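> next input, structure requested:
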Amino acid sequence: MMISTKGRYALRVMVDLAENGNDGYVALKEIAQRQSISKKYLEAIMALLSKAELVDAVHGKGGGYRLNKPAEAYKIGDILRITEDTLAPVACLEDGAEPCPRESKCRTVPMWKKLYIFINEFFDGITIADLMNTEE
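Have a look, this model is predicted:
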């Protein structure tokens, strides 16, 4: 499993909104500049976050984006599952995957299941607030 730029950038944007959104909405252009992300790519990420109701959007002058909840209410795992579709380390563990005919004989599937549990527990144990409090 490799986290895509979409997932990594979504996390950076959420931290940016948490740090800079105290006065209301943050303009997309400002986020793009601070995070060195193209505005066009950022628009696609924000559409995903907005559709999932993680952020609120207001269009027009004075508009932008803001978090819908306090930073400590956002689990990293939730954000990554939105942007990555899955955190499964192998295809057979993805939601909706066809049952593998070899699963009952597969010596590796227990290992992959443990890794999948570990990944989810790890990312669900970290919040946006935690990322704001890390030293560089």
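
> this protein: helices as residue ranges?
Here the chain has its helices, by DSSP state H, at 5-20, 28-35, 39-51, 76-84, 109-124, 128-132.

> possible to save those as a markdown table with distance to E98?
Every C-beta, even on glycine, is put in place using the N, C-alpha and C of the backbone. Formatted as a markdown table, the helices of the chain follow (distance: least, Cβ to Cβ, whole Å):
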| stretch | distance to E98 |
| --- | --- |
| helix 5-20 | 25 |
| helix 28-35 | 38 |
| helix 39-51 | 26 |
| helix 76-84 | 20 |
| helix 109-124 | 14 |
| helix 128-132 | 35 |
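
> what pLDDT does E135 get?
Looking at E135, its pLDDT reads 65.

> ignore the last one, V55
pLDDT recorded at V55 is 96.

> span of stretch 78-92 from start to end?
Terminal residues of stretch 78-92 are spaced 21 Å apart (Cα to Cα, to the nearest Å).

> state the mean pLDDT of it.
93.

> and the helices of the chain: which comes nearest G63?
Of all those, the one in closest proximity to G63, counting by Cβ to Cβ, is helix 28-35 (8.8 Å).

> buried residues in the closest one?
Neighbour-count burial for helix 28-35 flags 28, 31-32 (criterion: 16 or more other Cβ atoms under 10 Å).

> and what of stretch 13-28?
Across stretch 13-28, burial judged by 16+ other Cβ under 10 Å covers 13-18, 21, 25-26, 28.

> from those residues, pick the one nearest E43.
L28 (6.8 Å).
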